[in-house]
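**Student:** sequence first, then the predicted structure, then my questions.
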Amino acid sequence: MPVLASHRKPRTKVRTTTPAVGFTTAALASVTLLSTQSATAAPAEPKPAIEDVQKKVDELYRQAGSATQQYNRAKAASTAQRTKVDTLLSDVAKRTEKINEARRELGAFAAEQYRTGGIAPTATFFLADDPQAYFDQSRLMSRSTERQQKAVDDFRTQQAAASKKRAEAVQSLESLTETQTTLRSSKQKVQNKLTEARSLLAKLTAEEKARLAELERKKEAEAKEKAERLAARQAAEANEREEREAAEKKAREEAAKESGGDSGSGSGSGTGTGTSPGSGTGTGTGTGADGSYAAKAQKVLDFARAQIGKPYVWGASGPASYDCSGLTQAAWREAGVTLPRTTWDQVKVGTRVATSDLQPGDLVFFYDDISHVGIYKGDGMMIHAPKPGANVREESIYYMPIYGSVRPA
């Protein structure tokens, strides 16, 4: 019997939704977890105020200035040490040559003694054809022995001296190595500070840079105002001093006239003798030293003004660029005065003066660590090499905290 076909529809397979539900649940859980983490995460650190950035940058430049002075001191010491080492090595070479000469002389004596042999003096006397000839030869041999002894003594002296100089050279080379290590360390320190300062400035927006420039202008204006007050005070003191000196001179002249009149009335011939003696000597002796310093200071300021516009470069001492102490050293050299290389050593030269007593040419030092210096030009202003990125310029001495001042000559 034929098999009848089934009329039932095939059952459609229904795909389960359990995995989808599981994935959705996991995704929701992840979103919830991330939301919770975001909510509990620490807030972003606030951006520093532009005033704080300015203080930080100024401090970094000051630290770079201090490191520059360390570099300058190490460089000067390295140069001096290198000269000393070269001199010692040259001395050792010369002494070595003298040792070689003494050694050659000793070798000649030894060869001569080998050729003549070591016959005893008594045997030589009896074997000699002429006794007088023996005694003459004996005296010659005695003098020869003295020359040999002197040659030995010279050899030992030269050897000891050369050994001493060689030891000094070795010690100086070790010192030079230490100094060069300090030089490299100081150089790296300067570069690190400047890199950090540039990094801070590079992060500023255009608006923040404009604000920073405004703060700089305000700082400069305040410093200039203080300089003007100092200039007015110094001018007033100068006027008072001139008036006082004029009054003293007038009093001396009147006293001289009265003295001349009294001496003339007794003799009848004093009319031509009483007016000239006291008139030309009242002020000459008091201005000689000041005049000499003023002449030197003028040379210093003429040189410094000629450098205005040249860039600050740390470690530089001219002629194309300068750091602060390099400029002051070069300027005073023009006046015939040799200053040390660093601010720390320059501040020890000459006579200390108060800010109110500053004269053109004086050196003004800044910060507690004495890491900056400028040349006073009068009216509360100075010429200095300020910092990296700036040029030699005139500026108020009150732009930075003053440490003290000196008159170098």
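**Tutor:** Arrived safely.
**Student:** what is the distance between the lengthiest helix in the chain and the centre of its chain?
**Tutor:** Using DSSP state H to assign secondary structure, the helix with the most residues in the chain is helix 131-202. Its chain's C-alpha centre lies 29 Å from the corresponding centre of helix 131-202 when counted by CA atoms, centre = their mean, to the nearest Å.
**Student:** show the average pLDDT along it.
**Tutor:** Mean pLDDT, helix 131-202: 76.
**Student:** by contact count, what packs against the helix or strand following that helix?
**Tutor:** Elements were assigned by DSSP states H and E; along the chain past helix 131-202, the next helix or strand is helix 206-267. Packed against helix 206-267, as judged by 3 or more CB pairs under 8 Å, 6 or more residues apart in numbering; DSSP states H and E, are the following elements: helix 50-116, strand 393-396. Any C-beta I mention is one placed from the backbone N, CA and C, and that applies to glycine too.
**Student:** looking at the shortest one now, give me its mean pLDDT.
**Tutor:** Strand 393-396 comes out with an average pLDDT of 97.
**Student:** please save the CA atoms from that strand in CSV.
**Tutor:** As requested, the backbone C-alpha atoms of strand 393-396 are provided in CSV (Å, rounded to 0.1, in the frame of the first residue of the first chain):
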residue,chain,number,x,y,z
ARG,A,393,69.3,96.7,27.7
GLU,A,394,68.8,99.6,30.1
GLU,A,395,66.4,98.8,33.0
SER,A,396,65.5,100.0,36.5
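**Student:** any weak-confidence spans in this protein?
**Tutor:** Judged against pLDDT under 70, the low-scoring parts of the chain cover residues 1-45, 106, 109-110, 112-149, 151-152, 260-290.
**Student:** spit out the contact partners of the residue positioned nearest the centre of it.
**Tutor:** Central residue check for the chain by CA atoms, centre = their mean: the C-alpha nearest the mean position is that of Thr342, 2.9 Å away. For Thr342, the residues meeting the contact criterion (CB atoms under 8 Å, 6 or more residues apart in numbering) are Gln69, Asn72, Arg73, Ala76, Ser325.
**Student:** and if we set it to 6 Å?
**Tutor:** The contact partners of Thr342, taken as CB atoms under 6 Å, 6 or more residues apart in numbering, are Gln69, Asn72, Arg73, Ser325.
**Student:** so which of those residues is the most crowded?
**Tutor:** Neighbours here are counted as other CB atoms under 10 Å. On that basis the top member of those is Ser325, with 31 neighbours.
**Student:** that one touches Thr343, doesn't it?
**Tutor:** Yes: here Ser325 reaches Thr343: they are 4.9 Å apart, a contact under CB atoms under 6 Å.
**Student:** and the nearest residue to Arg393 once chain neighbours are set aside, helix, strand or coil?
**Tutor:** With CB to CB, 6 or more residues apart in numbering as the criterion, Arg393 has its nearest non-adjacent residue at 6.0 Å, and that residue is Ile308. Reducing the assignment at Ile308 to three states with DSSP: H, G, I helix; E, B strand; the rest coil gives coil.
**Student:** overlap in contacts of Ser325 and Thr343?
**Tutor:** Val373.
**Student:** near Ala334, how many other residues are there?
**Tutor:** Small correction: residue 334 is Glu, not Ala. 15.
**Student:** shouldn't it be in contact with Ala304?
**Tutor:** No: checked against CB under 6 Å, the pair Glu334 and Ala304 is beyond contact range at 8.9 Å.
**Student:** give the contact list for Arg333.
**Tutor:** By CB under 6 Å, 6+ apart, the contact set of Arg333 is empty.
**Student:** for Leu212, same thing?
**Tutor:** Shown in contact with Leu212 (CB under 6 Å, 6+ apart): Ile50, Gln54.
**Student:** returning to what we had before: a markdown table for the helices and strands packed on helix 206-267, including distance to Glu225?
**Tutor:** What follows is the helices and strands packed on helix 206-267, written out as a markdown table (distance: least, CB to CB, whole Å):
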| stretch | distance to Glu225 |
| --- | --- |
| helix 50-116 | 19 |
| strand 393-396 | 8 |
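**Student:** using PDB, write out every CA atom in stretch 306-318.
**Tutor:** Coordinates of each C-alpha in stretch 306-318 appear next as PDB, following Å, rounded to 0.1, in the frame of the first residue of the first chain:
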ATOM      1  CA  ALA A 306      77.700 100.000  22.700                       C
ATOM      2  CA  GLN A 307      76.600  96.400  23.600                       C
ATOM      3  CA  ILE A 308      72.900  97.300  23.900                       C
ATOM      4  CA  GLY A 309      70.900  95.000  21.600                       C
ATOM      5  CA  LYS A 310      73.300  92.100  21.700                       C
ATOM      6  CA  PRO A 311      71.800  88.800  23.000                       C
ATOM      7  CA  TYR A 312      72.100  87.300  26.400                       C
ATOM      8  CA  VAL A 313      73.900  83.900  26.100                       C
ATOM      9  CA  TRP A 314      74.700  82.100  29.300                       C
ATOM     10  CA  GLY A 315      78.500  81.500  29.700                       C
ATOM     11  CA  ALA A 316      79.300  84.200  27.100                       C
ATOM     12  CA  SER A 317      81.700  87.100  27.700                       C
ATOM     13  CA  GLY A 318      81.600  88.800  24.300                       C
END
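**Student:** what comes into contact with it?
**Tutor:** Outside stretch 306-318, the residues within contact range by CB under 6 Å, 6+ apart are 68, 71, 190, 321-323, 326, 330, 385-388, 390-393.
**Student:** ok, and for that stretch, which residues are buried?
**Tutor:** Gln307, Lys310, Tyr312, Val313, Trp314, Gly315, Ala316, Ser317, Gly318 (16 or more other CB atoms under 10 Å).
**Student:** tell me the one of these nearest Glu207?
**Tutor:** Tyr312 (27.4 Å; CB to CB).
**Student:** can you count the residues close to the nearest residue to that closest one once chain neighbours are set aside?
**Tutor:** Using CB to CB, 6+ apart and skipping the chain neighbours, the partner closest in space to Tyr312 is Ala385 (4.5 Å). The number of residues packed near Ala385 is 30, by other CB under 10 Å.
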